[in-house]
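Enquirer: curious how this folds, go ahead:
(2 chains)
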Amino acid sequence: MPSKKSKTKLFILVIVPLITLLTGCEFMDIDKDVFVSMIGIDKSDEEDKPYKITLKLYVPTSSFKQSPEPQYTYITKSGETLSEAIRILETYSDKELEFGHAKLIVIGEDLLKEHKASEVMDFLLRRPDIQMISWIAAGRPSAEEIIKMVPQGENAAYPALFNYFDDIGNESQYIVTTYLFDFRRRMVEEGIDPILPIIEKNTSHFKINKSLVLVDKKEPHELPTLYTGIFNILSMNIQVADLIIKEEDGEGEAFIAKIDSMNSKHKVIVKNNNNIALEIEVRLTGYIAESKHPLKMKNLSYYNKLLEKVAKEKLTEFFSEMTSVGIDPIGFGIDYKSRTLHNKRMSSEEWKEAYKNAEIKIIIHPKLKSTGAIQ
Amino acid sequence: MSRYYYYLILINMVANVIASVPAILLHNHKNGSVSAMILAVVAGTILITIYTRFFIAFPGITLPDLLKKTTSKWFYNPFIFFLALMWFVAGLITLATFSFLLIRFLTPEMPLFQISLIIILSVIFGCLMRTERVLYTIELILLIVFPLILYIFFKAYSNESLEWDFVKEAALYVNQFPNIHSFSSCFFLFLGVVNLFIFNRFFTKKQNFNWKHITLIGFISTLNLFTTYFIPIGFNGFENIDELVYPWITTSDSLRMEFFMIERLLFVFLLFYLGIAFLSILIHWHVSFEFLKFVFNLEKIKFKGFKIGKYIPIPFFIGASLLLIGKLNEYQLLRYSNFFYDTLILFFPLLIILFIFIKRRMKYAKQEKQN
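Expert: Below you'll find the predicted structure:
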């Protein structure tokens, strides 16, 4: 057994070399970093440099009181590849570009129309510092214009655009939220199509109420506001939704059903000869928020019938458009795959054909519970 | 059974969630991974039962001691040296995987050499401890880390973005012939029990092991395998899941905590797993150290009155692991660890023959003593 003294010696002998490892901060300090808040990717006008990247950078300030207004700088560069553009962009800034805090990626509409989404996605996924939980959206007319806009009433540290997507600020039924990982799996998987919100701009604010479904080798299909809302109801992305209910003759009831709880299920029923039926079951629970005429409590069951009729019409319209164009943002394709053994499935061409001719069955369970605070 | 026994099994299972096991499984997602997993649960549980039963019969005695009593020197010395090498490689795989992970995601500016050296030094400090202290360390770190890892699993299961259709699609590939590589990597998850070769020293009291314990282990392992394989599929889709190099890293990056200080769960996940990986390397290398001590009688080597014996393997461990980590790339690491796992499915069941032999000899020795 070594004596106590030699033990101390040994301890010092081990500890002193270890101290040399603690040579202070070799890594980049926070004041040598500049944080990217959004990434915009566009198609550029130059022929040989197809990609144009715009970065929105936070301008560091020492305290909030000093600059209550939001401050950003923007840098833009075109390149043959995305990485090349970023390499050049790094020379535009005196600090290291830090992508780890970029929460929104905007892709220009023109780039999406040219089917460049998969190349863009490859770049975004291969970099380990870009978050898989960042949101992805389409910019109209271009990503650059969307990124460079600062709307009125924006907070200093939190760009207004984030509030649209983060489920805590804005909860509108017309905003589709797509995370990068969700976008990836929809892109690479057959049987579910990627859907992106479209960010448009007005003079002083943004407008996000449409969405874009990307299709292989075809023009991306735009979903108008109403269909975007229906998509959100069906995918249960939202908590609250309004539905306008009108009887056909102008004299009848016209009210707005506020749905505060919804549940939707979908499944594929396979019949023989590669014929399929899509069954959608939606449960809508809520109350009446606005009406043209006075309502009667005892007529609630009649109002429910109206709701069922209108919802059925709208959903049928929605699905007949989806099937006729051949797009599948809800994911019936993967539902089919999850029900049939892999060696007994129809091929993807057969499935596409079957989907186009699918029969649509819609079951609505309307549950209007009240007429609101007044009759 | 003593709770320390479960730690040994649990750590091997959980540590490999992040290492190469899910990558191998997901690589063969269309070639019989699911059936291999089911088979591995059955085979693994049987193996655990046999090994535990064997060591319960000899409370407090390690495998080297048993071999010394029952076999001759020409057999047990090379054999135990071989075991020491094996355990070293097992630890090295975890170490290399984790060093690669850290450099990719946590500290991209740090040299790989430095990252691995820091892990190695802290592990080796632990390896030199006595066996029971190693177990206490394991308990301490597990107590801190494990609830948080369970919380992350809970977050994953309760996430709305988890698409069960993908999971069902993957599960339907069950009607295929089991894939050998998938089977061997799953089987490796169950091999935590073989650390009893040395750790049996700690279990000096006669333990009780019956079907209740077996069911519990079977249940935990099934749950663990299910999470390992299906959660990444639920988040990343089925068709192209094999293109992900680190499936679980991508998956944990897909989780979002809206109301926590850190929104991106990836870093929390990485840090917790650093703890688990540390424990896994610690256990493997401790066993390896003990084997080496036994083979070369390291305890007896003295230099000017100091017992320096147990420090002799350290430079070899550091040198070999740094050299290999510097040389390997990610693809080679995956292939070699795959090969390593493949050899294990032959080796450990074959050891049972040796156990039967030892048991008979010990019985014979006991009878002779009584006469």
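
Enquirer: how far away from the center of its chain is the helix or strand of chain B with the lowest mean pLDDT?
Expert: Least confident helix or strand of chain B, by mean pLDDT, DSSP states H and E, is strand B:306-307 with a mean of 76. Counting by Cα atoms, centre = their mean, to the nearest Å, strand B:306-307 is centred 33 Å from the centre of its parent chain.

Enquirer: strand partners of that strand, parallel vs antiparallel please.
Expert: strand B:302-303 (antiparallel) (DSSP bridges).

Enquirer: quick check: phi and psi at B:Pro111.
Expert: Note on B:Pro111: backbone dihedrals following degrees, to the nearest 10 are phi -70, psi 150.

Enquirer: next one: A:His101
Expert: With angles defined as degrees, to the nearest 10, A:His101 sits at phi -110, psi 10.

Enquirer: near chain B, which residues of chain A? Just list them.
Expert: A:1-2, A:6, A:18, A:21, A:26-28, A:100, A:128-129, A:131-133, A:166-168, A:179, A:181-182, A:184-186, A:188-190, A:236, A:331, A:334-335, A:337-343 (Cβ under 8 Å from any Cβ of the partner chain). Where C-beta positions appear, they are placed from N, C-alpha and C, glycine not excepted.

Enquirer: out of the residues you listed, which are buried?
Expert: Using 16 or more other Cβ atoms under 10 Å in any protein chain shown as the burial test, these include A:100, A:128, A:131-133, A:166, A:179, A:181-182, A:184-186, A:188-190, A:331, A:334-335, A:337-339 as buried.

Enquirer: show me which residues of the stretch 201-350 of chain B are close to chain A?
Expert: B:235-240, B:243, B:250, B:253-256, B:258, B:263-264, B:305-307.

Enquirer: same check on the stretch 51-200 of chain B?
Expert: So far as Cβ under 8 Å from any Cβ goes, the stretch 51-200 of chain B lies against chain A at B:104-105, B:107-110, B:114, B:117-118, B:121, B:160-161, B:163-169, B:172-173, B:175.

Enquirer: drop anything exposed from the residues you listed.
Expert: With burial judged by 16+ other Cβ under 10 Å, the buried subset of those is B:Phe105, B:Leu117, B:Leu121, B:Glu163, B:Asp165, B:Phe166, B:Val167, B:Lys168, B:Glu169, B:Leu172, B:Tyr173.

Enquirer: those residues in helices, which ones?
Expert: In this view, those that belong to helices under DSSP state H are B:Leu117, B:Leu121, B:Asp165, B:Phe166, B:Val167, B:Lys168, B:Glu169.

Enquirer: for those residues, give me CSV that also has pLDDT.
Expert: CSV is the format used below for these (pLDDT from 0 to 100):
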residue, pLDDT
B:Leu117, 89
B:Leu121, 88
B:Asp165, 90
B:Phe166, 91
B:Val167, 92
B:Lys168, 92
B:Glu169, 90
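
Enquirer: so where's the stretch 201-350 of chain A shaky on pLDDT?
Expert: The stretch 201-350 of chain A contains residues with pLDDT under 70 at A:249-251.

Enquirer: for A:Asp122, give me its contacts.
Expert: If you count contacts by Cβ atoms under 8 Å, 6 or more residues apart in numbering or on different chains, A:Asp122 has none.

Enquirer: buried ones in stretch A:358-365, by neighbour count?
Expert: Buried-residue list, stretch A:358-365, by 16+ other Cβ under 10 Å: A:Ala358, A:Ile362, A:Ile364.

Enquirer: which of those residues lies closest to chain B?
Expert: Comparing these against chain B with Cβ to the nearest Cβ places A:Ala358 closest, at 17.2 Å.

Enquirer: per-residue confidence for that closest one?
Expert: pLDDT, A:Ala358: 88.

Enquirer: hmm, A:Ile280 and it touching each other?
Expert: No - if you go by Cβ atoms under 8 Å, A:Ala358 and A:Ile280 don't touch, sitting 11.2 Å apart.

Enquirer: what's the neighbour count on B:Ser122?
Expert: Counted by other Cβ atoms under 10 Å in any protein chain shown, the residues lying close to B:Ser122 total 14.

Enquirer: roughly how far does it sit from B:Ser288?
Expert: Remark: distance between B:Ser122 and B:Ser288 (Cβ to Cβ, to the nearest Å) = 16 Å.

Enquirer: which residues does the residue in the stretch 201-350 of chain A that chain B sits nearest to contact?
Expert: Taking Cβ to the nearest Cβ, chain B has its nearest neighbour within the stretch 201-350 of chain A at A:Ser338, 3.6 Å off. When contacts are counted by Cβ under 8 Å, 6+ apart, A:Ser338 touches B:Trp164, B:Asp165, B:Phe166, B:Val167, B:Lys168, B:Glu169, B:Leu172.

Enquirer: and for A:Asp193?
Expert: Applying Cβ under 8 Å, 6+ apart to A:Asp193 gives the contacts A:Arg186, A:Val213, A:Leu214, A:Val215, A:Ile327, A:Asp328, A:Pro329.

Enquirer: of these, just say which sits nearest to B:Val134.
Expert: The closest of the contacts of A:Asp193 to B:Val134 turns out to be A:Arg186 (Cβ to Cβ; 47.1 Å).

Enquirer: number of residues surrounding the closest residue to that closest one other than its chain neighbours?
Expert: Spatial nearest neighbour of A:Arg186, chain neighbours left out: A:Pro194 (3.9 Å); criterion: Cβ to Cβ, 6 or more residues apart in numbering or on different chains. Using other Cβ under 10 Å, A:Pro194 is surrounded by 25 other residues.

Enquirer: I'd say A:Pro194 and A:Phe181 touch.
Expert: No - using Cβ under 8 Å, A:Pro194 makes no contact with A:Phe181, being 11.7 Å away.

Enquirer: which neighbours do the two share?
Expert: Common neighbours of A:Pro194 and A:Phe181 (Cβ under 8 Å, 6+ apart) do not exist.

Enquirer: helices of chain A, residue ranges please.
Expert: Going by DSSP H, chain A shows helices at A:4-19, A:82-90, A:109-113, A:117-126, A:143-148, A:160-165, A:180-188, A:225-234, A:300-325, A:332-337, A:348-356.

Enquirer: who's in contact with the spatially most central residue of chain A?
Expert: Residue closest to the mean C-alpha point of chain A, counted by Cα atoms, centre = their mean, is A:Thr178 at 1.9 Å. Each residue near A:Thr178 by Cβ under 8 Å, 6+ apart is listed here: A:Trp135, A:Ile136, A:Ala137, A:Pro194, A:Ile195, A:Leu196, A:Pro197.

Enquirer: need phi/psi at it.
Expert: Dihedral pair for A:Thr178: phi -120, psi 120, per degrees, to the nearest 10.
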